[in-house]
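Q: okay, sequence plus prediction incoming.
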There are 2 protein chains.
Amino acid sequence: MQENNLLDSIRPISTQTMAEVVEARLREYFRTQSFKPGDSLPTEVELAQALGVSRNVVREALSRFRMLGIVETKKKKGMTMSNPDILGAFEKVLDPLIIDDVTLQDIFELRLVLETGLADLLYIRKTDKEIEELEKIAVAEKSSNKFRVQNEIAFHGKLYEMTKNNTLKRFQTMLLPIFAYVITQEEKPIRGKVSHMDLVNILKKGTKEDFKEGMLAHLQPHFDRLQKKTPKRPAKI
Amino acid sequence: MQENNLLDSIRPISTQTMAEVVEARLREYFRTQSFKPGDSLPTEVELAQALGVSRNVVREALSRFRMLGIVETKKKKGMTMSNPDILGAFEKVLDPLIIDDVTLQDIFELRLVLETGLADLLYIRKTDKEIEELEKIAVAEKSSNKFRVQNEIAFHGKLYEMTKNNTLKRFQTMLLPIFAYVITQEEKPIRGKVSHMDLVNILKKGTKEDFKEGMLAHLQPHFDRLQKKTPKRPAKI
């Protein structure tokens, strides 16, 4: 028989705060009751009584749900389930100052993955009018006094917009401060062999495969940087 | 001169709750003071006094920061800034039951974009040992009684793991319930011409470009579905 440490089966006392416990219980309650957006919820007082905790704790937990957009309170209708803004909460934590370096690097890589993967959606949905607009952006940046990062944002932001996927577009907008942060930390600006204008021309006349190759060449310097920086740590599951 | 509606310049009274106002003010305070993870923060009482609001409201706002992992309270050390789990909050809202259909579709597309974009990271970081493990997964699914969705998750999850990007891997794990939800809503299961085993063989002997083509063919039926479903709405900026 395997020798077990005598303390293996004793679990530490939960260090969760009451608000966390109530949050988890309410989450479970919402799920088992299959509440859908618009459905009315019990009042704060009723929930406090049912859970046997103080109203203050329930208010704290509900405040968290309200922040996430899972619950909302409307005049006359009272408290209801709501359609959460799935990126809203994510946005609130994306601050380069408090995110650790490994995660910053992860996010930067995520951008590269997204941009090389965009081509398929783009080629399904791009319109001539949008390509014209993109071209104007690429032309304007040549005579622009703006910082390079701002030109990058304008051009690549337009590409995301052309996918007609709002979640993707917003996701990119949110990640921008992180990209800008990583880019300004570079020793010297790096540029790929394929320029923004080259990409516009590919969109006009080239195939989807041409565009994928072009975007990759455009971002290649970033991938080269990654090659030197592959993390030692194994991926946690 | 343009005729203006007389009421154009009057703004509605803010409908923000006090907790929202305090949350925003604290967020600004953290930023202007450039607090970094580990830095000590003033106490709840001190913050309430400085803001001129009740302790309850401050507690509610701090509870939100605690949920996001921006602030933590430790014995002896008191309240400090913390390293947020950037995907933690996002995870809490990803419930197919309460997310609207357009967003569900957006997220599904996001998956397709990620998977076709993965190739570059994969080819920088894959190891022979991992390809062997991936092969075992592809072999096992042929004789498996599991639902198709579970086989999909095992195989594609392993691919994400091979990128050594934890954020990407966790992101995928979180999005899985959404993929599963969209897939089970399909009229009939759709399969691409390139199988999981084909992809394994490409990883063994093929180039990055071969893999990109292969993954695209594998996912093609999903893109075909999208082509029919391109949203009418313009992308909001």
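A: Great, that's in hand. Residues are numbered from 1 along each chain as shown, chains lettered A, B, ... in the order given.
Q: please, which helix or strand holds the closest residue to A:Lys74 other than its chain neighbours?
A: Spatial nearest neighbour of A:Lys74, chain neighbours left out: A:Thr80 (6.7 Å); criterion: CB to CB, 6 or more residues apart in numbering or on different chains. Bear in mind the C-beta positions are built from the backbone N, C-alpha and C, glycine included. Applying DSSP states H and E as the criterion places A:Thr80 in strand A:78-81.
Q: give me the mean pLDDT for that strand.
A: Mean per-residue pLDDT for strand A:78-81: 92.
Q: how about it as PDB, C-alpha atoms only?
A: Coordinates of each C-alpha in strand A:78-81 appear next as PDB, following Å, rounded to 0.1, in the frame of the first residue of the first chain:
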ATOM      1  CA  GLY A  78     -36.300  45.700  -9.800                       C
ATOM      2  CA  MET A  79     -33.400  43.400 -10.100                       C
ATOM      3  CA  THR A  80     -33.100  41.200 -13.300                       C
ATOM      4  CA  MET A  81     -30.600  39.000 -15.000                       C
END
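Q: tell me which strands and helices that strand is in contact with?
A: Packing partners of strand A:78-81 (3 or more CB pairs under 8 Å, 6 or more residues apart in numbering or on different chains; DSSP states H and E): strand A:71-74.
Q: flag the shaky bits of chain A, pLDDT-wise.
A: Along chain A, segments meeting pLDDT under 70 span A:1-5, A:8-14, A:145-147, A:182-191, A:226-237.
Q: residue of chain A nearest chain B, please.
A: A:Gly117 (2.7 Å; CB to the nearest CB).
Q: so the residue nearest to A:Lys74 touches A:Lys36, yeah?
A: No. Applying CB atoms under 8 Å, one finds A:Thr80 not in contact with A:Lys36, separated by 9.8 Å.
Q: these two: which is more packed in?
A: A:Thr80 (16 against 12; other CB atoms under 10 Å in any protein chain shown).
Q: how close does the more buried one sit to B:Ile178?
A: Noted for A:Thr80: a distance of 23 Å to B:Ile178, by CB to CB, to the nearest Å.
Q: cool, A:Val102 as well?
A: A:Val102 is 26 Å from B:Ile178, by CB to CB.
Q: between these two, which is the more surrounded one?
A: Counted by other CB under 10 Å, A:Val102 and B:Ile178 do not tie: B:Ile178 has more neighbours, with 22 against 13.
Q: gap between that one and B:Lys169?
A: Taking CB to CB, one finds B:Ile178 at 16 Å from B:Lys169.
Q: what's across from the residue nearest to A:Lys74 in the sheet?
A: A:Ser40, A:Glu72 (DSSP bridges).
Q: and it, what does it touch?
A: Applying CB atoms under 8 Å, 6 or more residues apart in numbering or on different chains, we find A:Thr80 in contact with A:37-41, A:71-74.
Q: in the helix or strand where A:Phe223 lies, what counts as buried?
A: Under the criterion of DSSP H and E, A:Phe223 resides in helix A:208-229. For helix A:208-229, burial by neighbour count (16 or more other CB atoms under 10 Å in any protein chain shown) applies to A:211-216, A:218-220, A:222-223, A:226.
Q: now the residues you listed in a markdown table, with distance to B:Ala19?
A: Below are the buried residues of helix A:208-229 laid out as a markdown table (distance: CB to CB, whole Å):
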| residue | distance to B:Ala19 |
| --- | --- |
| A:Phe211 | 47 |
| A:Lys212 | 47 |
| A:Glu213 | 51 |
| A:Gly214 | 48 |
| A:Met215 | 43 |
| A:Leu216 | 46 |
| A:His218 | 44 |
| A:Leu219 | 42 |
| A:Gln220 | 47 |
| A:His222 | 40 |
| A:Phe223 | 44 |
| A:Leu226 | 41 |
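Q: doesn't B:Leu118 make contact with the residue of chain A closest to chain B?
A: Yes. Between A:Gly117 and B:Leu118 there is a contact at 7.5 Å, judged by CB under 8 Å.
Q: ok so, going back, just the closest of the contacts of A:Thr80 to A:Ser144, please.
A: Checking the contacts of A:Thr80 against A:Ser144 by CB to CB gives A:Glu72 as the nearest, at 42.3 Å.
Q: residues contacting A:Leu26?
A: Neighbour list for A:Leu26: A:47, A:61-62, A:65 [criterion: CB under 8 Å, 6+ apart].
Q: now it: phi and psi?
A: Backbone torsions of A:Leu26, given as degrees, to the nearest 10, read phi -70, psi -40.
Q: how close does A:Glu132 sit to A:Lys204?
A: 9 Å.
Q: then A:Phe65?
A: Counting by CB to CB, the gap from A:Phe65 to A:Lys204 is 48 Å.
Q: more crowded one of these two?
A: A:Phe65 (23 against 13).
Q: which residue ranges of chain A form helices?
A: A:18-32, A:44-51, A:55-68, A:88-93, A:101-117, A:119-125, A:128-142, A:148-162, A:166-184, A:196-205, A:208-229 (DSSP state H).
Q: which residue sits closest to the residue most central in space within chain A, ignoring its sequence neighbours?
A: Of all residues in chain A, the one closest to the mean position by CA atoms, centre = their mean is A:Phe171, 4.5 Å from it. With sequence-adjacent residues excluded and distances taken as CB to CB, 6+ apart, A:Phe171 is closest to A:Leu87, at 6.2 Å.
Q: if I read this right, the one you found contacts A:Thr173, doesn't it?
A: No. A:Leu87 lies out of contact with A:Thr173 (CB under 8 Å); the separation is 9.1 Å.
Q: what about the two, which has more around it?
A: A:Leu87 (19 against 16).
Q: over to that one: give its phi and psi.
A: According to degrees, to the nearest 10, A:Leu87 has phi -100, psi -10.
Q: OK, contacts around it?
A: A:167, A:170-171, A:174, B:90.
Q: how does it look with 7 Å?
A: A:167, A:170-171, A:174 (CB atoms under 7 Å, 6 or more residues apart in numbering or on different chains).
Q: how about A:Leu122?
A: Applying CB under 7 Å, 6+ apart to A:Leu122 gives the contacts A:159, A:162-163, A:211.
Q: quick one: buried residues of stretch A:67-82?
A: For stretch A:67-82, by 16+ other CB under 10 Å, it's A:67-72, A:79-82.
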